[in-house]
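**Q** Below is the sequence, then the predicted model.
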Amino acid sequence: MHDPLNPLDIASDELTQRSESGFDVSGIEAELRDAPADDVARIEAIYDELLHTTRGPDWNFDEPEGLTSIVESWPEPSGRDDPGRPVDPGRILGSWLGRVAGCNLGKPVEEGTIWTSERIREYLELAGSYPLRNYIPALDPMPAGFILRENWPHTTLGRVDGSDRDDDIDYAILSLHLLEQNGRDLSTRHVADGWLAFLPYTRVYTAERATYVNLLHNVPVSDTGMHRNPYREWIGAVIRGDAFGWVNPGRPRAAARHAHQDAVLSHRANGVYGEMWAAALVSAALTAESAAEAITMSLAVIPVQSRLAEAVHTVRTLHELGTTWEDALSVIQDRYGHYSWVHTVNNAAIITAGLLWGEDDFSTAVGTTVQGGWDTDSNGATVGSVMGALHGAAALPGHFIQPLRDRTRSAVFGYDHSRISDLAARTVALAARLE
């Protein structure tokens, strides 16, 4: 599934991407369905046909490409950055720890087509752990019909002994490394070279894997996010935004601009906005007093007429109206459930909801987020990072942090078994140097 080396996967997923983005694909779906799976020439011809489709007249969104156009679409003048504040080591360490803990929390149920929010709740109720406020228990024996992900021996309650490896952590580590090497001069070319040098192909997925294939085929870095990459609006870039927030504390617009150079390697439109938003959200959380304040600050970097802006504003409005978590989740699922469970837009809605209904409590926020389903480990990681940045390491709950034992596995070359505190200390030093 979603194999960038499989023409049928590429064509099928491009059809979905085009349809979701308002393009007229009428007739092409049936044509693709009827094409023999081994008729590569026919499938490639259909794929080329998709690339020449146009948007329908009822498309109501404006989703610009390119940093200049994106900045011009922000909801208020952005000629100057926010002043920022001094780097707070405790809050940066808290954000690192929160990201790692939130990621591990969501890993056992990271399969949105199977572990729906309803299924997660049913399992947690059987385990006596609903609402979720700690690592997910592994029942013995497992109830019929329930299978946790293969990582469960390392990520479930009582079994966490250091962090398990995950791409949600790998990219934070690699971004730190690349920013140490390049600082504010970081370019998309630097990011591409970093991926090839430090990340194994089998440890990158969807948009990132398509991009990796493009790089190996010498596709220019200006095109790798678009060329044969139907996953360009999926969540892969969102999980790469934190480091750009960490080195721009209290400067969400600067963080978003910085993140853009990373995002465009593999993504377009809402995929790019998602990483810029995540960077701004973490940047804001390092100086904000509440999750709601951080969300408000982060909205300043989302193109106002984009689907991402509509989703975040919708969730914020639901919260302001006093909607219950359950009712808000139902609205989110009804409005955005047609997207892939690893798309940017629907998962951004879950992240926003987890933060707003999390009552500014770490355990409540990450637990509520994971209960929402879809990309549970990525969403748990982002919410954990924001909550850790808000509260600082010293205030985080021991039942989440102590089992990590200040260690994380990583597929990034040279960084396996890293000490989380060392990564945070390096981030603090880098942020101070880049002020």
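**A** Sure thing, it's come through.
**Q** Quick check: residue 33 vs residue 11, distance?
**A** Distance of residue 33 to residue 11, computed by C-beta to C-beta, to the nearest Å: 11 Å. All C-beta spots, glycine's among them, are computed from the backbone N, C-alpha and C.
**Q** Any idea how many residues pack against residue 63?
**A** With neighbours defined by other C-beta atoms under 10 Å, the count for residue 63 comes to 22.
**Q** Next: residue 69.
**A** Residue 69 has 12 neighbouring residues, counting by other C-beta under 10 Å.
**Q** Adjust the sequence numbering to begin at 160 for everything that follows.
**A** Got it, the first residue is 160 from now on, which makes the last one we talked about residue 228.
**Q** Find the nearest non-adjacent residue to residue 190, please.
**A** residue 205 (5.8 Å; C-beta to C-beta, 6 or more residues apart in numbering).
**Q** Then residue 366?
**A** Excluding its sequence neighbours, the residue lying closest to residue 366 (C-beta to C-beta, 6+ apart) is residue 390, at 3.8 Å.
**Q** try residue 301
**A** Nearest one to residue 301, counting by C-beta to C-beta, 6+ apart, is residue 307 at 7.4 Å.
**Q** ok now do the one you found, which residues does it touch?
**A** The contact partners of residue 307, taken as C-beta atoms under 8 Å, 6 or more residues apart in numbering, are 267, 268, 295, 297, 301, 315.
**Q** how close does it get to residue 525?
**A** Computed as C-beta to C-beta, the residue 307 to residue 525 distance reads 18 Å.
**Q** Equivalent analysis for residue 412, please.
**A** According to C-beta to C-beta, residue 412 stands 27 Å off from residue 525.
**Q** now swap in residue 545 and tell me
**A** Taken as C-beta to C-beta, the span from residue 545 to residue 525 is 10 Å.
**Q** shared neighbours of these two, which are they?
**A** residue 257.
**Q** So residue 470: helix, strand or coil?
**A** The local conformation at residue 470, judged by DSSP: H, G, I helix; E, B strand; the rest coil, is helix.
**Q** Quick check: chain neighbours aside, which residue is closest to it?
**A** In space, and not counting its chain neighbours, residue 470 is closest to residue 508: 4.5 Å by C-beta to C-beta, 6+ apart.
**Q** and if you look at residue 546?
**A** Nearest residue to residue 546, sequence neighbours excluded (C-beta to C-beta, 6+ apart): residue 521, at 4.6 Å.
**Q** Tell me how many other residues surround that neighbour.
**A** So residue 521, with other C-beta under 10 Å, has 26 neighbours.
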